[in-house]
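In: make a model of this:
(2 chains)
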Amino acid sequence: MDFAFSEREEMLRKTVREFAENEVTPKMGAMEETGKFPMELLKPMAELGIMGVITPPEYDGVGLGYVARTIVLEELGRVCGAMPMAVQVHHMGCAALYDFGTDAQKKKYLPALAKGETMGVVAVTDPSGGSDVVGMRTSAELKGDRYILNGRKCFITNSHTSDFWIVIARTAEGAKGLSAFIVDKDAPGAKAGHEENKLGLRGANTGELVFNDCEVPKENLLGQEGGGLAIAMKTVSETGRTGMAATALGILTAVYEEAGKFASERVLYGKPISALQGIQFLMAEIYAQLEISRLLCYRASWMKDQDMRFDTESAMAKWYACEAAANAAKKAVEIHGAYGIMKEYTVQRLLRDAMVTIPAGGTGEIGKVVLARAALAPFMKK
Amino acid sequence: MKRIIVCVKPVPDPKHWHKVSMDPVTMTLKRAGIPSIINPLDKHALEAALSVRDIRGGEVVLLSMAPPFATSNLKEGLAMGADRAVLLSDPAFAGSDTLATSLILAAGCQWIGDFDLVFLGNFSIDGSTAQVCSQLAEFLHLPNVMHVIDMKWQENDKIIIIQKIEQGYVKLEATLPVVLSVRKELNKPRYVPFTGILAAESKEIKVLSNEDLGVDSSSIGLEGSPTKMAGLELRRFERAKERLAGSIEEIVAKLADKIYQCNIS
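Out: Got it, this is the predicted structure:
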């Protein structure tokens, strides 16, 4: 067993950290204010390798795998939680195309994603769906050489920043009646609708997709007809949950650093408040939550790189790290006292950002459903 | 373009400067436990070399005189895009001042050989002497331009160089080979791309000792360095304090005197 990062991984961390600190920081004021994703960073991030980190070199990516991706997301999230949120969903688009696309689809879409020409999206949730994936009503009906899509997707990350979307829609009744489609944003009848105004992760774009007799060429079916649930589940579980976990991990790292810095600088009773046991206990818990999350996140990513099944581990990392980020951020706000609720201080944003990671990519409770299934499996009679 | 040499120096990471202390006996910096980074201006020097290579071709070679740990800094330079690296590392070099360092670096340049350009950062953030560039050029019998903030290629391999001076700029024309020391205004160093990290894993870092270079051992190291540290004093930021004694009247009179002496009116 080896818990150390390789020299390659350490260099990766360093370069992403430098990039995030120098290039993302100046954008954050506007991101918080407008809720807009800084599109001008797409190309520089792609040049670094961030956009194509899990895409193989044959499709213009760097193919470094999921441990590398987690390092990238953690470092972006340490500076600005909205960045890994947007980037991780982009990776979901890359993964779905790579895992289920035809050669022609991969050649057409993957290089554009790796080069940062546009962003990836996987649109699963619609107003009647969400945790109940199969409850979705967005429909797709085959008419001649094209599918006709009708319905609405909501809470879709990168909805307004992408040129095409991977959309799950119903082609027949039941769980086996879902199918995945690549929908061009300019397709007749397709529209990006309302843009959401979120509590946190404000710089990541979230919005609606609306389909009104939207025409999608038959060759844009991703995978098999009826294979949509499997595509959604694999992509959400493997790429989405590890991505949300890594986003939370980045936020946690920032929480730890902000809390530690403030506790050692703020002087009360003639000493830094870090000398008070009450503050020390909070720091101890934040520190442990960070390290536990880190272990869970990297274990799940490592298992993906080893080609192991890891749906339980990704659900555990996602549930724990997101809960821990919100919980630790609350403690960090408390350590800051009244400063903690002032907009000039970073911790209030960290708390808001952490809260947004909880329902994203499968709610905490859905995560626990997955965990309970695994926890009880050895005791089930048949 | 045949070859471009870029001198890089590992320096203590400014994020850890609060941990840096001085050895009271040798009067040198105690670096143990402090991570090192590539001197920030040297990254601008490397960027300059890489952009020259991008348009004029040639090979970019990193050169550093440092303890063996510097291989990790050199690896970062290789990941940024340099083709190979040469590390001059020998206990005999330890404690070298700028003159001895320049002599050793000159020997390193000559060992690499056949170069058209040598790029350096104008100064390092730890020593901040800004002496190595000119001394190195002198030992190489080459011209040196410091404070380079822009450069443009002319016909016949001539370069137009813009040099920053206190009250403006100087426009210079140089022929190759030449030693150039750069300021941060010259460019923005590229970030290490992930592909660069992978490529660096198979690039060479050649480690040379003085046995390979053959520099006169009486001119290098602490002993061979003409710079001698006269003393070491901790800079204090406390305000000067003086307590005046006597009766109230006497104290007021003394205080008035002091204020008068301070020329405060």
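In: would you say A:A187 is within a helix?
Out: No - counting by DSSP: H, G, I helix; E, B strand; the rest coil, A:A187 falls outside a helix, being coil.
In: phi first, then psi, for it.
Out: Note on A:A187: backbone dihedrals following degrees, to the nearest 10 are phi -60, psi 140.
In: what's the answer for B:R31, then?
Out: phi -100, psi -10.
In: surely it is in contact with B:P10?
Out: No - using CB atoms under 8 Å as the test, B:R31 is too far from B:P10 to be in contact (9.1 Å). In this view, the C-beta of every residue, glycine as well, is placed from N, C-alpha and C.
In: for residue 12, which non-adjacent residue is spatially closest?
Out: By default, I'm working from chain A. Excluding its sequence neighbours, the residue lying closest to A:L12 (CB to CB, 6 or more residues apart in numbering or on different chains) is A:I71, at 5.4 Å.
In: that's the other chain; I wanted chain B
Out: B:P12 sits nearest to B:I34 (CB to CB, 6+ apart), 4.6 Å away.
In: do you know the pLDDT at the residue in the stretch 1-150 of chain B positioned nearest to chain A?
Out: Closest contact between the stretch 1-150 of chain B and chain A, by CB to the nearest CB, is at B:A79 (6.1 Å). pLDDT, B:A79: 98.
In: ok, now which ones touch it?
Out: By CB atoms under 8 Å, 6 or more residues apart in numbering or on different chains, the residues touching B:A79 are A:M11, A:T15, B:V192, B:P193, B:G196, B:I197, B:A199, B:A200.
In: check A:V133 too.
Out: A:V124, A:I168, A:L178, A:L229, A:A232, A:M233.
In: got a list of what residue 56 touches?
Out: Going with chain A. So A:P56 contacts A:G63, A:Y98 (CB under 8 Å, 6+ apart).
In: actually chain B
Out: So B:R56 contacts B:M1, B:W153 (CB under 8 Å, 6+ apart).
In: who in chain A is up against chain B?
Out: A:7-8, A:11-12, A:14-15, A:18-19, A:44, A:47-50, A:53, A:62, A:64, A:68 (CB under 8 Å from any CB of the partner chain).
In: for these, which ChimeraX command selects only the ones that are buried?
Out: Command for ChimeraX that selects the buried part of the residues of chain A next to chain B, burial taken from 16 or more other CB atoms under 10 Å in any protein chain shown:
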select /A:8,11,12,14,15,19,44,47,48,49,50,53,62,64,68
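In: all strands for the stretch 151-265 of chain B, in order.
Out: Secondary structure of the stretch 151-265 of chain B (DSSP state E, counting those that start in this stretch): strands located at B:159-165, B:168-174, B:178-182, B:205-208.
In: likewise the stretch 151-300 of chain A?
Out: A:164-170, A:178-184, A:190-195, A:206-217, A:221-222, A:267-268, A:271-272.
In: which other residues reach the second one?
Out: Same thing as strand A:178-184. A:96-97, A:100, A:105, A:109, A:133-134, A:136, A:140, A:147, A:149, A:163-171, A:190, A:209, A:211, A:214, A:216, A:220-229, A:231-232.
In: swap in the first one?
Out: With contacts defined as CB under 8 Å, 6+ apart, strand A:164-170 is touched by A:93, A:96-97, A:109, A:118, A:120-124, A:133, A:136-140, A:147, A:149, A:151, A:153, A:156, A:159, A:177-185, A:209, A:211, A:222, A:228-229, A:231-232.
In: now list the buried members of the residues you listed.
Out: Counted by 16+ other CB under 10 Å, the contacts of strand A:164-170 give A:93, A:96-97, A:109, A:118, A:120-124, A:133, A:136, A:138-140, A:147, A:149, A:151, A:153, A:156, A:159, A:177-183, A:185, A:209, A:211, A:222, A:228-229, A:231-232 as buried.
In: could you list every helix and strand in contact with the worst-scoring helix or strand of chain B on mean pLDDT?
Out: Every helix and strand of chain B was ranked by mean pLDDT, DSSP states H and E. The lowest is strand B:29-30, at a mean of 78. Here strand B:29-30 touches strand B:21-22, going by 3 or more CB pairs under 8 Å, 6 or more residues apart in numbering or on different chains; DSSP states H and E.
In: what does the strand it packs on contact?
Out: For strand B:21-22, the surrounding residues in contact (CB under 8 Å, 6+ apart) are B:T28, B:L29, B:K30, B:L232.
In: rerun that using 7 Å as the cut-off
Out: B:L29, B:K30, B:L232 (CB atoms under 7 Å, 6 or more residues apart in numbering or on different chains).
In: what of stretch B:159-166?
Out: B:145, B:147-154, B:169-174, B:183, B:185.
In: ok, B:K258 to B:R239 distance?
Out: 14 Å (CB to CB, to the nearest Å).
In: what residues does chain B have near chain A?
Out: Residues of chain B lying close to chain A (CB under 7 Å from any CB of the partner chain) are B:E76, B:A79, B:Y191, B:V192, B:P193, B:F194, B:T195, B:I197, B:E201.
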